[in-house]
Structure formats: structure tokens, C-alpha cells
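1. Got a predicted model here, sequence first, then my questions.
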Amino acid sequence: MILSMVTTLAMSVVAASTPLLIAASGELVAEKSGVLNLGVEGMMLVGAIAGFATAHHSGSAMLGVGVAALAGVCIAMIFALLSLSLLANQVATGLALTIFGHGFAALLGAGYVGISAPVLHPIAIPLLSAIPVLGPVLFDENILVYFAFIMLAAIAWFLNKTHAGLILRAVGDSHDAAHAMGYPVLRIRYAAVAFGGAMAGIAGAYFSLFYSPLWSQDLTAGRGWIALALVVFSAWRPLWLLVGAYLFGGITFFSLYVQGLGISVPSPLVSALPYVGTVLVLVLISRDARRIRLNQPACLGKYFHATA
């Protein structure tokens, strides 16, 4: 009985944490290149409706995930064009992208409210899925849970162990020096932003094709902002990104669990718990300015204009 309850709770935390981990992983790469994209929430929403509509019409949830990634890239390229090529302010452009994503997703999704679509089903890994507690939690999940872990490990390896990852970090720390050495700063940043967009789109598809497998306006409910906060929480380090995603996923599940128990706590207060936790963590982190300066890309959010 107790094992069953623990397993159910752990699976719920994994389900709530996975979209945060996927979206934050993409944003981590973008910020490591020196680009601050605050449009994660908008890209997630567009990815969610693109994936849901594709899955509904094609009958394939995996095709929906692929189209969601492509939709995320397309929206991210709008941001890249404005902020990298036209030198618009990155913060203002990211906020505008989120507003645009909200409206565009609502427009596209108007005809899909109340309609069902194929969902992502769990894929059990033989033998490993039979392990008590850990088996069902980690080895009997849908493909995007496995994808989140694999991509985070790949990103950590790419950033810390490869020449290309070193170049990307160099662009984020000193774009002028990287340009002087002959590295294509804008192309690298475009690629990083595109990757972040794809990951945000996939995170959005996770919501519409598994977590809440119906389309509704504002389906992501602000999770994109939590994903942004996770990158700062982790101090731009992949391992701490994993810890933060599960911490905030646990807070999110706890708020839902409290509502399910029927405890007499105001519903708006319970719904606000994940975001209150986000603010508190960011306040605590901001007290350690040395840690932030040590890990934050030095050129994050700064303009780059090639002079030669």
C-alpha cells in the first residue's frame, strides 16, 4: 500500500517536472550563447497547439511532437531576426513573443476546444520497469520523459566536453573576442535560439499530448516562466537544472495534491504555490552575487554588431 502510494506520488512529480526540464534545457543552451529569450511561454503554447492539431488530424502523437518542435523553431526565428539581426532589445522582444504566442495559439486553437487527439503512451523498458518504485517511475514512462534525460546529458556533454560547446560558451562570454577569432557569432546564436525554440515546442506538446491531453487556452499556465527561472536557479549548470526541475515539479504537484485532498485553503493561493516558490528561490539566489557572476554568460542579453 505504502509502496504503491510512493510510486504514484513519484510518477506524478516526474510528469509535472518533465516539461519544465525540456523547456529549461533549450533555454540553457540559448543563454549559454549569450541570448536571453523570454518568449519560452509563447513558444510552448504555439508548440502545444501545433502538436495537438497535427496529432488530431494525422492520428500520430509522435508526428505531433515533431511538428511542435518545428513550430517552436519558427516562432524562435522571429525572435532571432528581431533581436540578433535587427538589434531589437532582447527583453522587450521576448516579452512581445510571449504575448504573440498567447494570442496566436488561442486563434489557432479556437476550433480544437473539447476535441480529443492521440496521446503519448508509456514505453516500458524490459526488466528495468519491474524494479519496485524506481521501475514504474523511471523506466515505464512516455518517450518524452526519456528524451528529457537523454537531452540533458547530451547538453552537459556538449557544453563541457566538445570543441563546439567550448565555442558556444566563448560566444556567450565574449562575442567580440569570438568574432575576432573568426567564429560566426550570429550563426551560432541563431542555431542556439532555434534549438531552444524546438525544445520549448516539444515541452508544449508534452502538455497537449500527455499531461493534459485536451487543448485549452493558456494550457501551459505560466510554466514557461518557471523554466526561465530554472536556468537562473541552476546557475547555468545542467545538473542543477535537473534538481531544480524536480523541485519545482514537486511544488506544482503538491499544490494539486492539496486541492485533491479537499483542504480548506483558497484555490488561488494553492495555484500560486509554484510561482511563490519560484520568487522565493530567485530572491535567495540573488543574495549570492558571486555565484551568479561566476557562472552567468558575460554577454547575456547584450547587443552584438560585427564591425569587420
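-> Sure thing, it's come through.

2. for the residue lying closest to A177 once chain neighbours are set aside, what are its contacts?
-> Nearest non-adjacent residue to A177, counting by C-beta to C-beta, 6 or more residues apart in numbering: A170, 7.1 Å away. The C-beta positions use only the backbone N, C-alpha and C, and glycine is treated the same way. Contacts here follow C-beta atoms under 8 Å, 6 or more residues apart in numbering; on that basis A170 touches A177, A178, M181, Y183.

3. contacting residues around stretch 25-33?
-> 36-37, 40, 148, 151-152, 155, 159, 168-169, 171-172, 188-189, 192-193, 195-200, 203, 227-228, 231, 234, 236, 238, 241, 297, 300.

4. same thing but at 7 Å, please
-> 37, 40, 151-152, 155, 159, 168-169, 171-172, 188-189, 192-193, 195-196, 198-200, 227-228, 231, 236, 238, 241, 297, 300 (C-beta atoms under 7 Å, 6 or more residues apart in numbering).

5. so where do the strands sit in the stretch 101-250 of the chain?
-> In the stretch 101-250 of the chain, the strands defined using DSSP state E, counting those that start in this stretch lie at 123-124, 140-141.

6. Tabulate these (a markdown table), appending distance to T252, mean pLDDT and mean neighbour count.
-> Output for the strands of the stretch 101-250 of the chain, formatted as a markdown table (distance: least, C-beta to C-beta, whole Å; pLDDT from 0 to 100; neighbours: other C-beta atoms under 10 Å):
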| stretch | distance to T252 | mean pLDDT | mean neighbour count |
| --- | --- | --- | --- |
| strand 123-124 | 24 | 90 | 13 |
| strand 140-141 | 17 | 88 | 22 |
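
7. Just give me the closest of the contacts of A170 to G277.
-> Taking C-beta to C-beta as the measure, G277 lies nearest A178 of those, at 36.6 Å.

8. what bits of the stretch 151-300 of the chain have low per-residue confidence?
-> 255-267, 270-271, 282, 285-289, 291-292 (pLDDT under 70).

9. got the residue ranges for the helices in it?
-> 163-173, 175-180, 185-206, 223-233, 238-261, 267-286, 289-295 (DSSP state H, counting those that start in this stretch).

10. I'd like those helices laid out as a markdown table, including distance to L214.
-> Converted to a markdown table, those look like this (distance: least, C-beta to C-beta, whole Å):
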| stretch | distance to L214 |
| --- | --- |
| helix 163-173 | 38 |
| helix 175-180 | 43 |
| helix 185-206 | 13 |
| helix 223-233 | 16 |
| helix 238-261 | 16 |
| helix 267-286 | 19 |
| helix 289-295 | 39 |
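
11. Could you single out the most deeply buried of those helices?
-> For those, average neighbour numbers computed from mean count of other C-beta atoms under 10 Å are highest in helix 185-206, which has a mean of 26.

12. a strand runs through L97, doesn't it?
-> No: secondary structure of L97 (DSSP: H, G, I helix; E, B strand; the rest coil): helix, not part of a strand.

13. neighbours of it, just the number please.
-> The number of residues packed near L97 is 26, by other C-beta atoms under 10 Å.

14. and the nearest residue to it once chain neighbours are set aside, how many neighbours?
-> Once flanking residues are discounted, L97 sits nearest to G39: 3.0 Å by C-beta to C-beta, 6+ apart. By the measure other C-beta under 10 Å, the count of residues near G39 is 30.

15. State the distance from G39 to V243.
-> Distance, G39 to V243, using C-beta to C-beta, to the nearest Å: 25 Å.

16. quick one: the longest helix anywhere in the chain to helix 163-173, angle?
-> Criterion DSSP state H: the longest helix present in the chain is helix 2-32. Angle of helix 2-32 versus helix 163-173, following axes from the mean of the first three to the mean of the last three C-alpha atoms, to 10 degrees, is 70 degrees.

17. Quick check, V73 in contact with A194.
-> Yes: with contact defined as C-beta atoms under 7 Å, V73 and A194 form a contacting pair (5.0 Å).

18. could the strands of the stretch 101-250 of the chain be laid out in TSV, adding distance to G222?
-> As requested, the strands of the stretch 101-250 of the chain are exported to TSV (distance: least, C-beta to C-beta, whole Å):
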stretch	distance to G222
strand 123-124	29
strand 140-141	24
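
19. who wins for proximity to F207 among these?
-> Comparing those by C-beta to C-beta, strand 140-141 comes nearest, at 15.5 Å.

20. The closest one pairs with which strands?
-> strand 123-124 (antiparallel) (DSSP bridges).

21. what comes into contact with the strand it pairs with?
-> F139, D140, N142, I143.

22. What distance do you get for the closest residue in space to A298 that isn't next to it in sequence to I167?
-> Closest residue to A298 apart from its sequence neighbours, by C-beta to C-beta, 6+ apart: D173 at 4.7 Å. Distance, D173 to I167, by C-beta to C-beta: 11 Å.
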